[in-house]
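Peer 1: Dropping the sequence and predicted coords here.
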Amino acid sequence: MASTAVEACQWAVTTLARHASATISVLLPVQDRLRCVAATGAWQVFATVPPKAGVVGRVYASGKPATVPDVAEDPDYLPIRPDVTAEICVPVLDPAGRPIGVLDLQWSGPVQLGLWRETAERVAGRLGARITALGGPPAESRSEKLLRHAAALTAAPTTGDLMTAAIYAAREVSSLSAAVLLLADGSGPRLGAPTGTPDELESRVRAELTEAGAPALNRMITRAHRHGAGYTLGEAGHPPTEEYRPLVDAGVRTLVAVPVGPPDGGGLLLVADERLLQPDSITVNLMELLGGQAWTCLDRLRTLAQLREQASSDPLTGLRHTGPFGQRIARATPGRTALLAIDVDGFKAVNDTYGHQAGDRLLVELARALEAALRQGDELYRIGGDEFVAVIEVHRPEEAVRIAERLAEAARDVGRTVSIGVALPRPGEPPETTLRRADQALYLAKRQGRDTVRLATT
(Lines give C-alpha, C1' and ligand atoms only; values in the text may rest on other atoms or scores of the structure.)
Protein backbone atom coordinates (compact mmCIF):
# COMPACT_ATOMS: atom_id res chain seq x y z
CA MET A 1 0.00 0.00 0.00
CA ALA A 2 2.96 2.33 0.49
CA SER A 3 3.24 5.01 -2.21
CA THR A 4 6.72 6.29 -1.24
CA ALA A 5 9.92 4.72 0.02
CA VAL A 6 9.62 6.54 3.36
CA GLU A 7 6.05 5.30 3.80
CA ALA A 8 7.18 1.74 3.08
CA CYS A 9 9.85 2.04 5.79
CA GLN A 10 7.31 3.40 8.26
CA TRP A 11 4.96 0.47 7.56
CA ALA A 12 7.82 -2.00 8.08
CA VAL A 13 8.75 -0.47 11.44
CA THR A 14 5.12 -0.26 12.59
CA THR A 15 4.46 -3.89 11.65
CA LEU A 16 7.58 -5.21 13.38
CA ALA A 17 6.82 -3.14 16.49
CA ARG A 18 3.54 -5.03 16.96
CA HIS A 19 5.51 -8.22 17.59
CA ALA A 20 8.94 -7.19 18.87
CA SER A 21 9.67 -5.35 22.11
CA ALA A 22 12.63 -3.70 20.41
CA THR A 23 13.87 -0.31 19.38
CA ILE A 24 13.42 -0.44 15.60
CA SER A 25 14.69 1.89 12.89
CA VAL A 26 15.27 2.04 9.16
CA LEU A 27 18.07 4.18 7.74
CA LEU A 28 18.47 5.09 4.06
CA PRO A 29 21.38 6.84 2.36
CA VAL A 30 21.10 10.58 1.71
CA GLN A 31 24.20 12.10 0.09
CA ASP A 32 27.12 10.95 2.27
CA ARG A 33 25.17 9.88 5.37
CA LEU A 34 22.58 7.38 6.54
CA ARG A 35 19.36 9.14 7.54
CA CYS A 36 16.76 7.61 9.85
CA VAL A 37 13.43 7.73 7.96
CA ALA A 38 11.37 5.56 10.35
CA ALA A 39 11.81 4.58 14.00
CA THR A 40 9.97 3.45 17.10
CA GLY A 41 10.68 2.39 20.64
CA ALA A 42 13.16 5.08 21.76
CA TRP A 43 13.00 8.49 23.37
CA GLN A 44 15.69 9.68 20.95
CA VAL A 45 17.21 8.29 17.75
CA PHE A 46 20.21 9.28 15.66
CA ALA A 47 18.77 11.34 12.80
CA THR A 48 21.85 10.86 10.65
CA VAL A 49 24.85 8.55 10.88
CA PRO A 50 28.14 8.78 8.97
CA PRO A 51 28.35 6.03 6.35
CA LYS A 52 30.67 3.74 8.34
CA ALA A 53 29.75 4.70 11.91
CA GLY A 54 28.14 2.29 14.32
CA VAL A 55 26.86 -1.18 13.64
CA VAL A 56 24.42 0.27 11.08
CA GLY A 57 27.26 1.93 9.15
CA ARG A 58 29.28 -1.27 9.20
CA VAL A 59 26.36 -3.32 7.89
CA TYR A 60 25.55 -0.79 5.16
CA ALA A 61 29.18 -0.63 4.01
CA SER A 62 29.66 -4.42 3.97
CA GLY A 63 26.17 -5.50 2.91
CA LYS A 64 26.35 -8.26 5.54
CA PRO A 65 24.01 -8.72 8.57
CA ALA A 66 25.33 -8.31 12.12
CA THR A 67 24.12 -10.11 15.26
CA VAL A 68 25.40 -8.55 18.49
CA PRO A 69 24.47 -10.61 21.60
CA ASP A 70 26.19 -8.10 23.91
CA VAL A 71 26.44 -4.51 22.67
CA ALA A 72 28.98 -3.74 25.39
CA GLU A 73 31.42 -6.01 23.57
CA ASP A 74 31.00 -4.31 20.17
CA PRO A 75 33.18 -1.20 19.77
CA ASP A 76 30.97 0.09 16.93
CA TYR A 77 27.75 0.20 18.96
CA LEU A 78 26.03 3.59 19.07
CA PRO A 79 24.00 3.84 22.32
CA ILE A 80 20.36 4.82 21.81
CA ARG A 81 18.97 3.58 25.12
CA PRO A 82 21.04 2.99 28.25
CA ASP A 83 19.39 -0.41 28.87
CA VAL A 84 20.01 -1.97 25.42
CA THR A 85 21.78 -5.33 25.60
CA ALA A 86 21.51 -6.90 22.12
CA GLU A 87 21.22 -5.77 18.51
CA ILE A 88 20.43 -7.20 15.10
CA CYS A 89 21.14 -5.13 12.02
CA VAL A 90 20.49 -6.34 8.47
CA PRO A 91 21.06 -4.63 5.13
CA VAL A 92 18.14 -3.57 2.97
CA LEU A 93 19.14 -4.76 -0.51
CA ASP A 94 17.84 -3.99 -3.98
CA PRO A 95 17.12 -6.93 -6.36
CA ALA A 96 20.72 -6.77 -7.59
CA GLY A 97 22.00 -7.31 -4.04
CA ARG A 98 23.25 -3.75 -3.51
CA PRO A 99 22.67 -2.15 -0.07
CA ILE A 100 20.12 0.68 -0.19
CA GLY A 101 19.64 0.98 3.57
CA VAL A 102 19.60 -0.93 6.86
CA LEU A 103 16.98 -2.32 9.24
CA ASP A 104 18.09 -2.18 12.87
CA LEU A 105 16.54 -3.80 15.98
CA GLN A 106 17.80 -3.39 19.58
CA TRP A 107 16.54 -5.17 22.70
CA SER A 108 16.74 -4.45 26.41
CA GLY A 109 15.81 -7.93 27.65
CA PRO A 110 16.12 -11.61 26.79
CA VAL A 111 15.56 -12.39 23.11
CA GLN A 112 16.02 -15.28 20.68
CA LEU A 113 18.36 -13.52 18.29
CA GLY A 114 18.49 -16.35 15.74
CA LEU A 115 14.72 -16.27 15.20
CA TRP A 116 14.57 -12.51 14.98
CA ARG A 117 17.51 -12.31 12.59
CA GLU A 118 15.66 -14.58 10.14
CA THR A 119 12.54 -12.44 10.51
CA ALA A 120 14.48 -9.18 10.09
CA GLU A 121 16.15 -10.47 6.92
CA ARG A 122 12.77 -11.45 5.41
CA VAL A 123 11.27 -8.04 6.22
CA ALA A 124 14.36 -6.26 4.90
CA GLY A 125 14.16 -8.28 1.69
CA ARG A 126 10.53 -7.32 1.05
CA LEU A 127 11.27 -3.73 2.03
CA GLY A 128 14.20 -3.54 -0.41
CA ALA A 129 12.04 -4.83 -3.25
CA ARG A 130 9.28 -2.33 -2.48
CA ILE A 131 11.69 0.62 -2.22
CA THR A 132 13.20 -0.36 -5.57
CA ALA A 133 9.75 -0.62 -7.15
CA LEU A 134 8.97 2.88 -5.87
CA GLY A 135 12.09 4.32 -7.52
CA GLY A 136 14.74 3.76 -4.85
CA PRO A 137 15.63 5.69 -1.71
CA PRO A 138 14.16 9.21 -1.54
CA ALA A 139 16.11 12.04 -3.11
CA GLU A 140 17.71 14.64 -0.91
CA SER A 141 15.11 17.21 0.09
CA ARG A 142 15.69 20.92 -0.43
CA SER A 143 16.03 21.49 3.31
CA GLU A 144 18.63 18.70 3.47
CA LYS A 145 20.49 20.32 0.58
CA LEU A 146 20.44 23.64 2.42
CA LEU A 147 21.79 21.97 5.55
CA ARG A 148 24.63 20.41 3.57
CA HIS A 149 25.49 23.71 1.90
CA ALA A 150 25.34 25.56 5.23
CA ALA A 151 28.14 23.32 6.46
CA ALA A 152 30.15 24.13 3.31
CA LEU A 153 29.63 27.87 3.86
CA THR A 154 30.85 27.57 7.44
CA ALA A 155 34.01 25.80 6.26
CA ALA A 156 34.82 28.31 3.49
CA PRO A 157 38.33 29.71 4.19
CA THR A 158 38.07 32.97 2.21
CA THR A 159 35.43 35.48 1.15
CA GLY A 160 35.81 34.38 -2.47
CA ASP A 161 35.32 30.73 -1.55
CA LEU A 162 32.28 31.63 0.53
CA MET A 163 30.64 33.64 -2.26
CA THR A 164 31.28 30.81 -4.70
CA ALA A 165 29.78 28.27 -2.28
CA ALA A 166 26.71 30.47 -1.74
CA ILE A 167 26.12 30.77 -5.49
CA TYR A 168 26.38 27.00 -5.98
CA ALA A 169 24.01 26.41 -3.06
CA ALA A 170 21.46 28.89 -4.43
CA ARG A 171 21.38 27.10 -7.76
CA GLU A 172 21.04 23.63 -6.28
CA VAL A 173 18.48 24.41 -3.57
CA SER A 174 16.28 26.61 -5.78
CA SER A 175 16.58 24.39 -8.91
CA LEU A 176 16.97 27.59 -10.97
CA SER A 177 19.84 27.75 -13.42
CA ALA A 178 21.63 30.99 -12.52
CA ALA A 179 22.67 32.74 -9.33
CA VAL A 180 24.57 35.94 -8.59
CA LEU A 181 25.62 37.39 -5.24
CA LEU A 182 26.11 41.16 -5.02
CA LEU A 183 27.97 42.51 -2.00
CA ALA A 184 28.46 46.19 -1.24
CA ASP A 185 31.88 47.38 -0.15
CA GLY A 186 33.85 50.62 -0.10
CA SER A 187 34.35 50.63 -3.87
CA GLY A 188 30.75 49.72 -4.71
CA PRO A 189 28.89 46.42 -5.20
CA ARG A 190 30.88 43.49 -6.53
CA LEU A 191 29.88 40.18 -8.05
CA GLY A 192 30.84 36.92 -6.42
CA ALA A 193 32.97 34.66 -8.60
CA PRO A 194 31.06 32.07 -10.65
CA THR A 195 31.05 28.42 -9.60
CA GLY A 196 32.59 26.10 -12.16
CA THR A 197 31.41 26.96 -15.65
CA PRO A 198 28.27 29.13 -15.39
CA ASP A 199 25.49 28.42 -17.85
CA GLU A 200 24.72 30.80 -20.71
CA LEU A 201 22.08 32.74 -18.78
CA GLU A 202 24.34 33.36 -15.80
CA SER A 203 27.11 34.57 -18.09
CA ARG A 204 24.70 37.01 -19.74
CA VAL A 205 23.41 38.18 -16.35
CA ARG A 206 26.94 38.87 -15.15
CA ALA A 207 27.76 40.75 -18.34
CA GLU A 208 24.62 42.92 -18.10
CA LEU A 209 25.17 43.69 -14.40
CA THR A 210 28.79 44.61 -15.04
CA GLU A 211 27.77 46.91 -17.87
CA ALA A 212 24.96 48.45 -15.79
CA GLY A 213 27.53 49.67 -13.27
CA ALA A 214 27.52 50.46 -9.57
CA PRO A 215 24.55 52.89 -9.53
CA ALA A 216 22.20 50.29 -11.06
CA LEU A 217 23.45 47.57 -8.71
CA ASN A 218 22.99 49.84 -5.72
CA ARG A 219 19.38 50.49 -6.79
CA MET A 220 18.73 46.73 -6.87
CA ILE A 221 20.25 46.27 -3.42
CA THR A 222 18.35 49.25 -1.99
CA ARG A 223 15.03 47.99 -3.36
CA ALA A 224 15.47 44.53 -1.84
CA HIS A 225 16.47 45.89 1.56
CA ARG A 226 13.66 48.42 1.56
CA HIS A 227 10.85 46.09 0.50
CA GLY A 228 12.14 42.61 1.36
CA ALA A 229 12.52 39.44 -0.68
CA GLY A 230 10.51 39.10 -3.88
CA TYR A 231 9.84 36.62 -6.67
CA THR A 232 8.09 36.43 -10.02
CA LEU A 233 4.77 34.63 -10.41
CA GLY A 234 5.70 32.84 -13.63
CA GLU A 235 3.17 34.85 -15.60
CA ALA A 236 3.90 36.36 -19.00
CA GLY A 237 2.98 39.85 -20.15
CA HIS A 238 3.74 41.82 -16.97
CA PRO A 239 6.39 44.58 -17.19
CA PRO A 240 9.30 44.25 -14.72
CA THR A 241 10.23 46.97 -12.27
CA GLU A 242 12.86 49.31 -13.66
CA GLU A 243 15.54 48.23 -11.17
CA TYR A 244 15.61 44.75 -12.70
CA ARG A 245 15.78 45.89 -16.33
CA PRO A 246 19.40 44.62 -16.76
CA LEU A 247 18.23 41.13 -15.76
CA VAL A 248 15.39 41.17 -18.26
CA ASP A 249 17.81 42.33 -20.94
CA ALA A 250 19.93 39.27 -20.11
CA GLY A 251 16.94 36.97 -20.76
CA VAL A 252 15.72 36.40 -17.18
CA ARG A 253 12.05 35.36 -17.03
CA THR A 254 12.00 33.90 -13.51
CA LEU A 255 13.63 35.72 -10.58
CA VAL A 256 14.01 35.40 -6.82
CA ALA A 257 15.66 38.41 -5.16
CA VAL A 258 16.70 38.16 -1.49
CA PRO A 259 18.41 40.87 0.61
CA VAL A 260 21.60 39.71 2.33
CA GLY A 261 22.98 41.23 5.51
CA PRO A 262 22.11 44.68 6.92
CA PRO A 263 20.73 47.51 4.75
CA ASP A 264 23.96 49.44 5.19
CA GLY A 265 26.82 47.43 3.70
CA GLY A 266 24.90 44.26 2.92
CA GLY A 267 24.07 42.82 -0.47
CA LEU A 268 21.63 40.94 -2.65
CA LEU A 269 21.21 37.34 -3.79
CA LEU A 270 19.65 36.96 -7.24
CA VAL A 271 18.52 33.52 -8.43
CA ALA A 272 17.13 33.33 -11.94
CA ASP A 273 16.07 31.21 -14.90
CA GLU A 274 15.26 31.92 -18.53
CA ARG A 275 12.32 29.52 -18.34
CA LEU A 276 8.96 30.91 -17.27
CA LEU A 277 8.59 29.14 -13.91
CA GLN A 278 6.62 29.77 -10.73
CA PRO A 279 8.78 29.71 -7.59
CA ASP A 280 6.83 29.28 -4.37
CA SER A 281 7.17 30.98 -1.02
CA ILE A 282 9.10 27.98 0.37
CA THR A 283 11.79 28.51 -2.26
CA VAL A 284 12.03 32.15 -1.23
CA ASN A 285 12.23 31.18 2.44
CA LEU A 286 15.07 28.76 1.71
CA MET A 287 16.92 31.48 -0.20
CA GLU A 288 16.43 33.84 2.73
CA LEU A 289 17.90 31.24 5.08
CA LEU A 290 20.80 30.74 2.68
CA GLY A 291 21.39 34.49 2.47
CA GLY A 292 21.36 34.78 6.24
CA GLN A 293 23.84 31.93 6.64
CA ALA A 294 26.09 33.36 3.94
CA TRP A 295 26.14 36.76 5.63
CA THR A 296 26.87 35.26 9.06
CA CYS A 297 29.83 33.34 7.62
CA LEU A 298 31.02 36.39 5.67
CA ASP A 299 30.88 38.57 8.77
CA ARG A 300 32.88 35.94 10.68
CA LEU A 301 35.55 35.84 7.97
CA ARG A 302 35.81 39.63 7.97
CA THR A 303 36.10 39.70 11.75
CA LEU A 304 38.82 37.04 11.68
CA ALA A 305 40.69 39.00 8.98
CA GLN A 306 40.52 42.14 11.12
CA LEU A 307 41.77 40.24 14.16
CA ARG A 308 44.66 38.77 12.13
CA GLU A 309 45.51 42.23 10.84
CA GLN A 310 45.44 43.65 14.35
CA ALA A 311 47.58 40.78 15.60
CA SER A 312 50.17 41.36 12.88
CA SER A 313 50.16 45.19 12.95
CA ASP A 314 51.59 47.77 15.28
CA PRO A 315 48.54 49.51 16.85
CA LEU A 316 50.27 52.91 16.90
CA THR A 317 51.67 53.23 13.38
CA GLY A 318 49.70 50.54 11.54
CA LEU A 319 52.96 49.03 10.29
CA ARG A 320 53.51 45.31 10.49
CA HIS A 321 55.64 44.28 13.42
CA THR A 322 57.90 41.55 14.75
CA GLY A 323 55.92 38.42 13.85
CA PRO A 324 55.38 39.17 10.14
CA PHE A 325 58.90 40.62 9.95
CA GLY A 326 60.37 37.31 11.08
CA GLN A 327 58.37 35.47 8.43
CA ARG A 328 59.48 37.95 5.75
CA ILE A 329 63.21 37.83 6.43
CA ALA A 330 63.03 34.03 6.51
CA ARG A 331 62.28 34.34 2.77
CA ALA A 332 65.20 36.70 2.10
CA THR A 333 67.12 36.09 -1.13
CA PRO A 334 70.92 36.11 -0.70
CA GLY A 335 72.47 39.12 -2.42
CA ARG A 336 69.08 40.60 -3.35
CA THR A 337 67.04 41.25 -0.20
CA ALA A 338 68.42 44.22 1.71
CA LEU A 339 67.58 44.94 5.34
CA LEU A 340 67.62 48.59 6.40
CA ALA A 341 67.78 49.01 10.20
CA ILE A 342 66.43 52.48 11.06
CA ASP A 343 66.64 54.29 14.39
CA VAL A 344 65.24 57.74 15.23
CA ASP A 345 67.97 60.10 16.41
CA GLY A 346 67.31 61.73 19.80
CA PHE A 347 63.96 60.05 20.33
CA LYS A 348 64.44 59.59 24.09
CA ALA A 349 64.90 63.32 24.48
CA VAL A 350 61.56 63.94 22.77
CA ASN A 351 59.79 61.63 25.24
CA ASP A 352 61.63 63.11 28.24
CA THR A 353 61.02 66.73 27.19
CA TYR A 354 57.58 66.71 25.63
CA GLY A 355 56.03 63.49 26.91
CA HIS A 356 55.10 60.14 25.40
CA GLN A 357 52.13 61.51 23.46
CA ALA A 358 54.46 63.77 21.53
CA GLY A 359 56.78 60.82 20.98
CA ASP A 360 53.89 58.74 19.64
CA ARG A 361 52.89 61.52 17.24
CA LEU A 362 56.47 61.70 16.00
CA LEU A 363 56.59 57.93 15.36
CA VAL A 364 53.34 58.02 13.40
CA GLU A 365 54.54 60.97 11.32
CA LEU A 366 57.87 59.31 10.61
CA ALA A 367 56.21 56.02 9.72
CA ARG A 368 54.05 57.78 7.10
CA ALA A 369 57.05 59.66 5.70
CA LEU A 370 59.25 56.55 5.47
CA GLU A 371 56.48 54.50 3.84
CA ALA A 372 55.92 57.22 1.25
CA ALA A 373 59.65 57.25 0.39
CA LEU A 374 59.79 53.52 -0.29
CA ARG A 375 59.10 51.97 -3.67
CA GLN A 376 56.11 49.83 -4.60
CA GLY A 377 56.67 46.39 -3.08
CA ASP A 378 59.11 47.54 -0.40
CA GLU A 379 58.03 46.77 3.17
CA LEU A 380 58.42 48.72 6.40
CA TYR A 381 58.16 47.20 9.89
CA ARG A 382 58.24 48.64 13.39
CA ILE A 383 60.18 46.19 15.57
CA GLY A 384 60.77 48.28 18.70
CA GLY A 385 60.08 51.61 20.37
CA ASP A 386 61.77 53.88 17.81
CA GLU A 387 63.26 51.11 15.68
CA PHE A 388 62.10 50.36 12.14
CA VAL A 389 63.30 47.91 9.51
CA ALA A 390 62.73 48.21 5.77
CA VAL A 391 62.93 45.06 3.62
CA ILE A 392 63.65 45.83 -0.02
CA GLU A 393 64.66 43.89 -3.14
CA VAL A 394 67.73 45.31 -4.98
CA HIS A 395 70.24 44.29 -7.63
CA ARG A 396 73.35 45.84 -6.02
CA PRO A 397 74.32 47.04 -2.54
CA GLU A 398 74.66 50.59 -3.91
CA GLU A 399 70.94 50.55 -4.79
CA ALA A 400 70.08 49.70 -1.18
CA VAL A 401 72.25 52.58 0.05
CA ARG A 402 70.50 55.03 -2.29
CA ILE A 403 67.08 53.98 -0.98
CA ALA A 404 68.33 54.31 2.61
CA GLU A 405 69.54 57.84 1.82
CA ARG A 406 66.10 58.63 0.40
CA LEU A 407 64.56 57.48 3.70
CA ALA A 408 66.95 59.70 5.63
CA GLU A 409 65.92 62.66 3.45
CA ALA A 410 62.22 61.89 4.05
CA ALA A 411 62.86 62.03 7.81
CA ARG A 412 64.57 65.42 7.45
CA ASP A 413 61.53 66.70 5.55
CA VAL A 414 59.40 66.18 8.67
CA GLY A 415 61.97 67.82 10.95
CA ARG A 416 63.74 64.74 12.34
CA THR A 417 66.83 62.69 11.52
CA VAL A 418 67.43 58.96 11.44
CA SER A 419 70.46 56.70 11.35
CA ILE A 420 70.35 53.69 9.01
CA GLY A 421 72.37 50.50 8.74
CA VAL A 422 72.20 48.44 5.54
CA ALA A 423 72.98 44.73 5.12
CA LEU A 424 72.36 42.14 2.39
CA PRO A 425 72.02 38.43 3.23
CA ARG A 426 74.99 36.25 2.35
CA PRO A 427 74.60 32.72 0.97
CA GLY A 428 73.72 30.35 3.80
CA GLU A 429 73.46 33.18 6.34
CA PRO A 430 70.56 32.99 8.82
CA PRO A 431 68.21 36.01 8.61
CA GLU A 432 68.95 36.88 12.23
CA THR A 433 72.64 37.25 11.39
CA THR A 434 71.84 39.60 8.49
CA LEU A 435 69.72 41.75 10.80
CA ARG A 436 72.50 41.77 13.40
CA ARG A 437 74.95 43.06 10.78
CA ALA A 438 72.46 45.78 9.78
CA ASP A 439 72.19 46.75 13.47
CA GLN A 440 75.96 46.91 13.77
CA ALA A 441 76.12 49.22 10.75
CA LEU A 442 73.38 51.32 12.38
CA TYR A 443 75.36 51.67 15.59
CA LEU A 444 78.39 52.72 13.54
CA ALA A 445 76.28 55.43 11.93
CA LYS A 446 75.22 56.60 15.40
CA ARG A 447 78.82 56.77 16.59
CA GLN A 448 79.87 58.69 13.50
CA GLY A 449 77.46 61.54 14.08
CA ARG A 450 73.96 60.22 13.30
CA ASP A 451 71.75 61.35 10.41
CA THR A 452 73.70 59.08 8.09
CA VAL A 453 73.67 55.73 6.29
CA ARG A 454 76.25 52.95 6.67
CA LEU A 455 76.58 49.71 4.66
CA ALA A 456 77.65 46.62 6.61
CA THR A 457 81.02 45.40 5.36
CA THR A 458 81.62 42.53 7.78
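Peer 2: Received it, and whenever you're ready, just let me know what you need.
Peer 1: Can you point out the buried residues in the strand or helix carrying residue 204?
Peer 2: Residue 204 is part of helix 200-227, with elements assigned from DSSP states H and E. Of all the residues in helix 200-227, those buried under the rule 16 or more other CB atoms under 10 Å are 201-202, 204-206, 208-209, 212, 216-221, 223-225. (Glycine included, C-beta is placed from N, CA and C.)
Peer 1: Kindly report the same for stretch 289-300.
Peer 2: 289, 290, 291, 293, 294, 295, 297, 298.
Peer 1: Would you map the helices across the stretch 351-458 of the chain?
Peer 2: 356-373, 397-413, 431-447 (DSSP state H, counting those that start in this stretch).
Peer 1: ok so, going back, show me the buried residues of stretch 289-300 that map onto strands.
Peer 2: Residues of the buried residues of stretch 289-300 located in strands (DSSP state E): none.
Peer 1: pLDDT and distance to residue 125 added to the residues you listed, as CSV?
Peer 2: Output for the buried residues of stretch 289-300, formatted as CSV (pLDDT from 0 to 100; distance: CB to CB, whole Å):
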residue, pLDDT, distance to residue 125
289, 95, 40
290, 95, 41
291, 94, 46
293, 94, 42
294, 93, 45
295, 93, 49
297, 92, 45
298, 90, 50
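Peer 1: Let's see the pLDDT reported for the closest residue in space to residue 263 that isn't next to it in sequence.
Peer 2: Leaving aside its chain neighbours, residue 263 sits nearest to residue 225 (4.1 Å; criterion: CB to CB, 6 or more residues apart in numbering). What the model reports for residue 225 is a pLDDT of 92.
Peer 1: For residue 101, give me its contacts.
Peer 2: Contact analysis of residue 101 by CB atoms under 8 Å, 6 or more residues apart in numbering lists 9, 26-29, 34, 60, 91-92, 127-128, 131, 137.
Peer 1: Which one (most neighbours) among those residues?
Peer 2: residue 27 (30 neighbours; other CB atoms under 10 Å).
Peer 1: any low-confidence regions in the stretch 201-350 of the chain?
Peer 2: 306-315, 318, 320-326 (pLDDT under 70).
Peer 1: Tell me where it has helices.
Peer 2: Assigned by DSSP H, counting those that start in this stretch, the helices in the stretch 201-350 of the chain fall at 245-249, 281-312, 322-329, 347-354.
Peer 1: Just send those helices back as a markdown table, with distance to residue 154 too.
Peer 2: Formatted as a markdown table, those follow (distance: least, CB to CB, whole Å):
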| stretch | distance to residue 154 |
| --- | --- |
| helix 245-249 | 30 |
| helix 281-312 | 6 |
| helix 322-329 | 27 |
| helix 347-354 | 48 |
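Peer 1: Mind splitting this protein into its structural domains?
Peer 2: 5-133, 142-308, 322-455 (automatic domain parsing).
Peer 1: hang on, the earlier thing: and of the helices of the stretch 351-458 of the chain, who's closest to residue 250?
Peer 2: helix 356-373 (44.2 Å; CB to CB).
Peer 1: Tell me which other helices or strands the closest one touches.
Peer 2: Identification of packing neighbours for helix 356-373 by 3 or more CB pairs under 8 Å, 6 or more residues apart in numbering; DSSP states H and E yields strand 337-344, helix 347-354, strand 379-382, strand 387-393, helix 397-413.
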